[in-house]
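Novice: I would like to see how this sequence folds:
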Amino acid sequence: MPQLNSIVLKDAAATPADHTFKPRGIDGGVATLVESSGVPIGESRISFAQNRNGNGRIRATVKLSVPVVQDATVNGVIRPTVVRTGYVDITYNFDASSSTRERADLVKYVNGLMAGTQTMVQGYLVDLEGLF
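Specialist: Have a look, this model is predicted:
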């Protein structure tokens with residue numbers, strides 16, 4: 001069983017910066033990592049959850065939320081305020097009889113699908129272009 005640990009992800013800037021997500025804890029079977037600037041309202045989060053349904057199907061979910069925070073002045077007081085948040089939900093559903101190789105293949109397919117070299121997928125997700 002893997003231990004919850006920090007994850008470093010790079011952003012899409014011309015000179016990519018590292019973003020370190022550190023363990024916050026495990027609550028109700030959901031493990032959470034956060035990138036914190038010290039102000040909880042603006043924390044980016046990654047969460048991991050896994051469960052089984054009555055048929056033994058395994059559902060593994062990874063979620064990412066990245067808020068955009070701006071300072072707002074109200075009555076002369078400056079407060080950080082979330083103005084919008086981007087969300088990603090990745091859910092894998094595995095049959096109870098699936099092999100390690102089958103699960104590894106699905107994860108590898110998704111990794112390849114999201115690679116920056118997949119111009120169709122990048123155009124669809126990043127540039128919000130339609131498909132034809």
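
Novice: can you pull out the helices in this structure?
Specialist: Secondary structure of the chain (DSSP state H): helices at 100-113, 119-125.

Novice: need those helices in TSV with mean neighbour count and mean pLDDT, can you?
Specialist: Yep, even glycine has a C-beta here, placed from its N, CA and C like the rest. Below are these laid out as TSV (neighbours: other CB atoms under 10 Å; pLDDT from 0 to 100):
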stretch	mean neighbour count	mean pLDDT
helix 100-113	11	95
helix 119-125	12	91
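
Novice: Mind putting these into TSV with distance to residue 27?
Specialist: Shown next, in TSV, are those (distance: least, CB to CB, whole Å):
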stretch	distance to residue 27
helix 100-113	25
helix 119-125	30
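
Novice: any idea how far the most centrally placed residue in the chain is from residue 44?
Specialist: In the chain, the centroid-proximal residue (CA atoms, centre = their mean) is residue 64; its distance is 2.4 Å. With the distance defined as CB to CB, to the nearest Å, residue 64 ends up 7 Å from residue 44.

Novice: Likewise for residue 93?
Specialist: Relative to residue 44, residue 93 is positioned 26 Å away (CB to CB).

Novice: more neighbours, the two?
Specialist: Set residue 93 next to residue 44 and count neighbours by other CB atoms under 10 Å: residue 44 wins out with 19 against 12.

Novice: ok, the more buried one to residue 67 distance?
Specialist: Using CB to CB, one gets 7 Å for the distance from residue 44 to residue 67.

Novice: now the strands: where do they sit in this protein?
Specialist: 7-10, 18-27, 30-35, 44-52, 58-74, 77-94 (DSSP state E).
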